[in-house]
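Trainee: Prediction below, plus the sequence it came from.
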Amino acid sequence: MRNPNNPCIFCFTKKKEYLFENELAYATTDTYPVSKFHSLIIPKRCVKNYFDLTSKEILACDRLIKKLKKKIEMNDKSVKGFNIGTNSGKVAGQSINHCHIHLIPRRKNDVKNPQGGVRAVISAKQHYVRKK
């Protein structure tokens, strides 16, 4: 099995695989998608995680997230929501040491109970009862 960090796979993504790009970031499809059109937004500078991004890089990524969201909604009317997330650190599930932000389209009934959304990263904490 090839190590995705040596060399960094996100530093060597071919431009033909870009969905969109700007000066500081690019968007591409996820190699292991959890839903159709699951995409990644990746800063061009090889930086380990979201917390190391500059303000300009964050804004560049945000512009691509919004542009990609519109494209996905235009191409698939069944998309009714999105999850946006990033893993920061090995204990948080980060396996590629180059910041990347997941944009995951969601469709009605894609899971039995979507309550808690990103809280599912700790499955026992996903579903909760709201306090009064």
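Mentor: Looks like it arrived, so ask away. What you are looking at is a predicted structure, and each value in this text was computed from that prediction instead of being measured.
Trainee: count of neighbours near the nearest residue to residue 11 once chain neighbours are set aside?
Mentor: Nearest non-adjacent residue to residue 11, counting by C-beta to C-beta, 6 or more residues apart in numbering: residue 46, 5.2 Å away. Any C-beta I mention is one placed from the backbone N, CA and C, and that applies to glycine too. Per other C-beta atoms under 10 Å, the neighbour tally for residue 46 reads 13.
Trainee: What's opposite residue 106 in the beta bridge?
Mentor: According to DSSP bridges, the residues that bridge with residue 106 are residue 81.
Trainee: whoops, residue 85 was the one
Mentor: Under DSSP bridges, the beta-bridge partners of residue 85 are residue 102.
Trainee: in terms of contact, does it touch residue 100 like I think?
Mentor: No - at 10.1 Å, residue 85 does not count as touching residue 100 under the criterion of C-beta atoms under 8 Å.
Trainee: Which one's more surrounded, those two?
Mentor: Between residue 85 and residue 100, counted using other C-beta under 10 Å, residue 100 has the larger neighbour count: 22 against 15.
Trainee: how near is the more buried one to residue 77?
Mentor: Counting by C-beta to C-beta, to the nearest Å, the gap from residue 100 to residue 77 is 27 Å.
Trainee: picking that back up, can you list phi and psi of the residue nearest to residue 11 for me?
Mentor: Its backbone dihedrals place residue 46 at phi -80, psi 100, with angles given as degrees, to the nearest 10.
Trainee: got the contact list for it?
Mentor: Taking C-beta atoms under 8 Å, 6 or more residues apart in numbering as the definition of contact, the neighbours of residue 46 are 8, 10, 11, 98.
Trainee: Low-confidence ranges, this structure, go.
Mentor: Within the chain, the stretches falling below the threshold (pLDDT under 70) are 125-128.
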